[in-house]
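S.K.: Give me the fold of what follows.
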Amino acid sequence: MAAVSTIAVVGAGVVGQTYAGLLADAGHDVSIVARGRRADQLRLSGIVLHRDGSTSRPRCRVVNRLAEARTAEVVIVAVRGDQLSSVQAEVAASLAPIVVCMANPLGKRESFEQAVGAERTVFAFSGIGGLIAEAGSVRYHSVRQQPTVVDVGASAGATVAELMSTTGLAVHREHQMASWLDTRSVFIAGIGAGVLTTENGASGIARSRERTRQIVGAISEAFDALQGHDLPIRPAALRTIFGRVPTWLAARYWQHQFGGPMVQVSIAPHVLATRYTEFPHVAAHALTLVGHDAPRFRRLVMPCVSTGHDA
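M.R.: Coordinates of the predicted model:
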């Protein structure tokens, strides 16, 4: 991947800063598009990444507009799914031959490809979680159960997978990315709705085998509905734990996960932070995917569709 050396990252949240920083540390020439207070912080202190007790300060150029990164060979879009439409025109105007969308398009995949160009679009998904401190530094961690996922069925998918591997993060090469993204929407909608509608959130679920069984049963029902609509469950391991093992065993496994870092550190904080922005869109998209064939899942998720939801 040494041939691709100039990269522009759109979005300066946890995902944007982390991938920009890791790519810069790998030797690539990286610009990051940031605005407002975040841009001011980055110009003052730069990107500061903390992981497992170590700190790095990768060197990235900070720009206000993607057009300022005119020589970029790869554009990485690292915004939330509900923000994708706000940057779509700017990204489409870029001359970069490869555009990597790291947001879940939530039903807008085709419109993004049409605007940007299907031949240069590669969908991918982050394999990290984390938070931004008040001073602007990023504390991130890799998610063991989910590496960085790249659509290798896309024209430039293999090239992007090779690029992402230079970050040092694990990379999964996915051949059914549309199904993977839809499966994730349903999975996150179910887990997130459980967190938002249970007293004490993830910790409350971790203390209740019955509540865990309800959530596991609802997601299993939703996966049945997806398969009934000829939508494969990706990765296949999710179908195994939600439907192919006894419910009591799945509940035991997920009760542990609700109390562990995958939910407590990776999923729940993002759901709570986006409960009035992105998450209602994720919930609505999941309900569209399952239709009316998953009543338990609909009862679990429906209260979270409204941006006015308050757990």
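
S.K.: those strands in the stretch 51-200 of the chain, which residues are they?
M.R.: 54-56, 61-63, 74-77, 98-101, 121-125, 128-132, 138-142, 148-151, 171-174 (DSSP state E, counting those that start in this stretch).

S.K.: what's the most buried one of those?
M.R.: Mean neighbours per residue, mean count of other C-beta atoms under 10 Å, is largest over the strands of the stretch 51-200 of the chain for strand 74-77, with a mean of 28. For glycine as for every other residue, the C-beta is placed from the backbone atoms N, C-alpha and C.

S.K.: show me where pLDDT drops low in the stretch 1-150 of the chain?
M.R.: 1-4 (pLDDT under 70).

S.K.: Do a quick rundown of the helices in it.
M.R.: Using DSSP state H, counting those that start in this stretch, the helices of the stretch 1-150 of the chain run over residues 14-25, 36-45, 84-92, 109-116.

S.K.: need the ones you listed in CSV with mean neighbour count and distance to Ala156, can you?
M.R.: Below are those laid out as CSV (neighbours: other C-beta atoms under 10 Å; distance: least, C-beta to C-beta, whole Å):
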stretch, mean neighbour count, distance to Ala156
helix 14-25, 25, 16
helix 36-45, 14, 28
helix 84-92, 16, 15
helix 109-116, 17, 12
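
S.K.: Chain neighbours aside, what residue packs nearest to Met302?
M.R.: Closest residue in space to Met302, ignoring its immediate chain neighbours: Leu287 at 6.9 Å, by C-beta to C-beta, 6 or more residues apart in numbering.

S.K.: residues touching the one you found, list them.
M.R.: Ala189, Phe297, Arg298, Val301, Met302, Val305 (C-beta atoms under 8 Å, 6 or more residues apart in numbering).

S.K.: Same check on Ile76?
M.R.: Counted by C-beta under 8 Å, 6+ apart, Ile76 has contacts Ile7, Ala8, Val9, Val10, Gly16, Tyr19, Ala20, Val100, Met102.

S.K.: Identify the bridge partners of it.
M.R.: Beta-bridge partners for Ile76, by DSSP bridges, are Val9, Val100.

S.K.: Same check on Leu131?
M.R.: With DSSP bridges as the rule, Leu131 is bridged to Arg139.

S.K.: in terms of contact, does it touch Arg139 like I think?
M.R.: Yes. The pair Leu131 / Arg139 is scored as a contact, 5.8 Å apart, by C-beta atoms under 8 Å.

S.K.: right, and the secondary structure at the residue lying closest to Gln176 once chain neighbours are set aside would be what?
M.R.: In space, and not counting its chain neighbours, Gln176 is closest to Arg234: 5.2 Å by C-beta to C-beta, 6+ apart. Under DSSP: H, G, I helix; E, B strand; the rest coil, Arg234 falls in the coil class.

S.K.: ok, Arg234 to Val271 distance?
M.R.: Separation of Arg234 from Val271 (C-beta to C-beta, to the nearest Å) stands at 21 Å.

S.K.: again with Gly153
M.R.: Counting by C-beta to C-beta, the gap from Gly153 to Val271 is 29 Å.

S.K.: Mind checking which of those two has more residues around it?
M.R.: Val271 (24 against 15; other C-beta atoms under 10 Å).

S.K.: Please list the outside residues in contact with the host helix or strand of the more buried one.
M.R.: Val271 belongs to helix 268-273 when elements are defined using DSSP states H and E. Contact partners of helix 268-273, identified using C-beta under 8 Å, 6+ apart, comprise Gly129, Leu131, Ile188, Ile191, Gly192, Val195, Leu196, Gly201, Ala202, Phe279.

S.K.: again, only this time at 6 Å
M.R.: Gly192, Val195, Ala202, Phe279 (C-beta atoms under 6 Å, 6 or more residues apart in numbering).

S.K.: Go through these and say which is closest to Glu110.
M.R.: Checking those against Glu110 by C-beta to C-beta gives Phe279 as the nearest, at 22.6 Å.
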